[in-house]
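*Asks:* next come a sequence and a model predicted from it.
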Amino acid sequence: MIPALALVGGVLLGLILEPTVPVALQPYLPIAVVAALDAVFGAVRAQLDGIFDDKVFVVSFVSNVLVAALVVFLGDQLGVGGQLSTGVVVVLGIRIFSNAAAIRRHVFKA
Amino acid sequence: MSDRRPSWRSLIRVRSVDLLVAVLLAALGFGAAVQVRSTQVDGILASARSEDLVRILDDLSGRTERLRQEVTDLTAARVRLTMDGNAAALQEARRRTQVLGVLAGTLAAAGPGVTLTVADPDNGVRAEVLLDALEELRDAGAEAVQLSGAAAGPVRVVASTALVDDAGGVRVDGVLLTAPYTFTVIGDQSTLASSLRIPGGVIATVARVGGRAEVTPSDALEVGALRPLPTPRYARPAPGS
């Protein structure tokens, strides 16, 4: 309940404050959001599996975001930032889909 | 989240981790909202990567270059027109009149081209077959076309020409033409001829309905049929053009 409220609160805060993204962060924010979404979907799945652990969630969330940003940063340095961020998004997208499928099986038994 | 009995200690312990989870999720929501908002507000340019921006910039500067070239050309044309005064303007106007006259069918045209004869013993060639032939010829770059029948014609074919089925033949702009029909076409001979001969093209279509079409290239043809210049009832040149 609290996490859901926090999520909604964050969205509202973002919409109300309308901050501009610093130029240096612009390539990383979308990737970081996708990585965090992956962690959240994984957490929901773990919760439904009954193996959710706060600590694991926090660590996986933070590390997901950091690793995704790092990969994109490295890609930018190597001149393949665009392709690499596409790759990251594809991989995370696949994980989100498989987690969503597991959640669906739990919720709808199908 | 937990069904543990909330003793104070466990409550506090759980709360600190819960708080962290909540903060992370709030950060996620915040980041997502900001990202969505900035994507909507800034459009593509702000979120585009530098290599994409370079490409876009390249495209734009190429376009600028072309437009600048066009400006130079047009300025030169304007200078020429104003310097030479009436003579150059008159020459330009005359040239335009001729081009438009050929297009509108008010001037006779001569040049190389092909003659397309459509014989129709079975009376199977309808107006749409002739129209198809006409469209094919236009696609192939026909510049002036006239159409004549066995007894009547020729009729100059222009943009507004209408072909209508009628008893025993086809009425072209009100003139009843009967088979065999003869298109006299001025344009590139080989392009016109090959466009008519493609499989499933005009010649094949005519053969399917029992007719017979023949293409004869010729180096000197004359499209002599004229068309009165229509005066538009409603349209006037827009001011400033």
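*Replies:* Perfect, thanks for sending it. Because the structure is a prediction, the values reported are computed rather than measured.
*Asks:* helix, strand or coil for the most centrally placed residue in chain A?
*Replies:* With the centre of chain A defined as its mean C-alpha position, the nearest residue by Cα atoms, centre = their mean is A:Ala36, 1.9 Å away. Here A:Ala36 is helix, with the state taken from DSSP: H, G, I helix; E, B strand; the rest coil.
*Asks:* same question for B:Thr106.
*Replies:* Under three-state DSSP, B:Thr106 falls in the coil class.
*Asks:* for B:Pro112, give me phi and psi.
*Replies:* With angles defined as degrees, to the nearest 10, B:Pro112 sits at phi -70, psi 160.
*Asks:* ok, residues contacting stretch B:164-171?
*Replies:* Residues outside stretch B:164-171 that contact it (Cβ atoms under 8 Å, 6 or more residues apart in numbering or on different chains) are B:123, B:125-127, B:130, B:149, B:163, B:172, B:176-179, B:181. Where C-beta positions appear, they are placed from N, C-alpha and C, glycine not excepted.
*Asks:* may I ask which of the residues you listed comes out lowest in pLDDT?
*Replies:* pLDDT across those is lowest for B:Ala179, at 79.
*Asks:* separation between that residue and B:Leu20?
*Replies:* B:Ala179 sits 90 Å away from B:Leu20, going by Cβ to Cβ, to the nearest Å.
*Asks:* buried stuff in the helix or strand hosting B:Val164?
*Replies:* Assessed by DSSP states H and E, B:Val164 sits inside strand B:163-166. Residues of strand B:163-166 classed as buried under the neighbour-count rule (16 or more other Cβ atoms under 10 Å in any protein chain shown) are B:Leu163.
*Asks:* off-centre distance for it?
*Replies:* 27 Å (Cα atoms, centre = their mean, to the nearest Å).
*Asks:* again, but for stretch A:78-88
*Replies:* Taking mean C-alpha positions (Cα atoms, centre = their mean), stretch A:78-88 and its chain are 17 Å apart.
*Asks:* if we can go back for a sec, contacting residues for the residue nearest to the centre of chain A?
*Replies:* So A:Ala36 contacts A:61, A:64-65, B:24, B:27-28, B:31 (Cβ under 8 Å, 6+ apart).
*Asks:* sort out for me which of the residues you listed are in helices.
*Replies:* A:61, A:64-65, B:24, B:27-28, B:31 (DSSP state H).
*Asks:* just curious, which of those residues is nearest to A:Gly93?
*Replies:* Proximity to A:Gly93 was ranked across the ones in helices among the contacts of A:Ala36 by Cβ to Cβ; first place goes to A:Asn64, at 13.4 Å.
*Asks:* now do the spatially closest residue to that closest one that is not a sequence neighbour against A:Leu66, distance only.
*Replies:* Among residues not flanking A:Asn64 along the chain, A:Ala35 sits closest, at 4.2 Å (Cβ to Cβ, 6 or more residues apart in numbering or on different chains). According to Cβ to Cβ, A:Ala35 and A:Leu66 sit 9 Å apart.
*Asks:* same thing with B:Phe30?
*Replies:* From B:Phe30 to A:Leu66 the distance is 17 Å (Cβ to Cβ).
*Asks:* more neighbours: which of the two?
*Replies:* B:Phe30 (22 against 12; other Cβ atoms under 10 Å in any protein chain shown).
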